[in-house]
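Chemist: Got a sequence here, can you build the structure:
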Amino acid sequence: MNELEDQVLVALRRIIRATDLYSRALGKETGLTIPQLVVIRAIRDMKTPTVSAIARAVSLSQATVTTILNRLEKKELLYRERSQQDRRAVIVQLTAAGRALLKHAPEPLQYSFTNRFKQLPSWEQHGIVASLERVASMMDAQELDAAPMLAMGEEVL
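Modeler: Modelled structure (predicted):
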């Protein structure tokens with residue numbers, strides 16, 4: 001390998017490591033995975049969300065969100081109830097414990113990334129996107145399903 005190849009691999013490794021370290025610290029501090037925290041934040045930010053609305057908001061499948069909600073409900077961080085207006089719809093609400101957890105939980109890593117990314121000039125944003133899409137393609141990862149959240153391992157749920 002040459003120096004440029006090493007630099008690319010080191011940068012990729014740093015990204016993976018930063019995501020892993022953040023995921024672990026978040027888990028120790030809150031007992032949640034990053035996707036669980038993102039779902040809880042989405043529920044807080046929406047008035048009376050349905051499961052499908054939450055899934056759209058966090059770019060995950062409805063099945064994945066349902067599994068996350070099941071785990072969060074077992075932790076007594078939220079509850080679900082039938083809508084009074086449309087009995088087919090299930091509304092999700094945070095419990096007092098869920099709201100309290102959010103007051104002290106750190107922001108997901110992608111929030112700080114997104115804020116910094118938005119501050120870059122448009123040409124630089126497009127260059128980063130193009131470069132990362134090329135890297136994903138070079139790693140045969142362009143067809144992998146992925147939500148816009150930085151989380152590690154299979155502990156998405």
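
Chemist: I'd guessed P106 sits against L26; true?
Modeler: Yes - in this structure P106 lies within contact range of L26 using Cβ atoms under 8 Å: 6.5 Å. (Glycine included, C-beta is placed from N, CA and C.)

Chemist: what helices or strands is the longest helix along the chain leaning on?
Modeler: What stands out as the longest helix in the chain, according to DSSP state H, is helix 3-30. Using 3 or more Cβ pairs under 8 Å, 6 or more residues apart in numbering; DSSP states H and E, the elements in contact with helix 3-30 are helix 34-45, helix 109-118.

Chemist: Go through those helices and pick out the most buried.
Modeler: A comparison of these by mean neighbour count, using mean count of other Cβ atoms under 10 Å, puts helix 34-45 on top with a mean of 21.

Chemist: what's in contact with that helix?
Modeler: 22-23, 26, 30, 32, 49, 54, 57-58, 60, 64-65, 68-69, 71-72, 77-78, 92-94, 98-99, 101-102, 105, 108-109, 147, 149-151, 156-157 (Cβ atoms under 8 Å, 6 or more residues apart in numbering).

Chemist: mind redoing it with 7 Å?
Modeler: With Cβ atoms under 7 Å, 6 or more residues apart in numbering as the contact definition, helix 34-45 has outside contacts at 23, 26, 30, 49, 54, 57-58, 60, 65, 68, 71-72, 77-78, 92, 94, 98, 102, 105, 108, 149-151, 156-157.

Chemist: Mind checking the pLDDT average for that helix?
Modeler: Across helix 34-45, pLDDT averages out at 91.

Chemist: Put the alpha carbons of the next helix-or-strand element following that helix into PDB.
Modeler: For helix 34-45, the succeeding helix or strand toward the C-terminus, using DSSP states H and E, is helix 51-58. Only the C-alpha atoms of helix 51-58 are listed here, as PDB (Å, rounded to 0.1, in the frame of the first residue of the first chain):
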ATOM      1  CA  VAL A  51     -45.700   4.100  14.200                       C
ATOM      2  CA  SER A  52     -45.600   4.800  10.500                       C
ATOM      3  CA  ALA A  53     -45.000   8.600  11.000                       C
ATOM      4  CA  ILE A  54     -42.100   7.700  13.400                       C
ATOM      5  CA  ALA A  55     -40.700   5.300  10.800                       C
ATOM      6  CA  ARG A  56     -40.800   8.000   8.100                       C
ATOM      7  CA  ALA A  57     -39.200  10.600  10.400                       C
ATOM      8  CA  VAL A  58     -36.200   8.400  11.300                       C
END
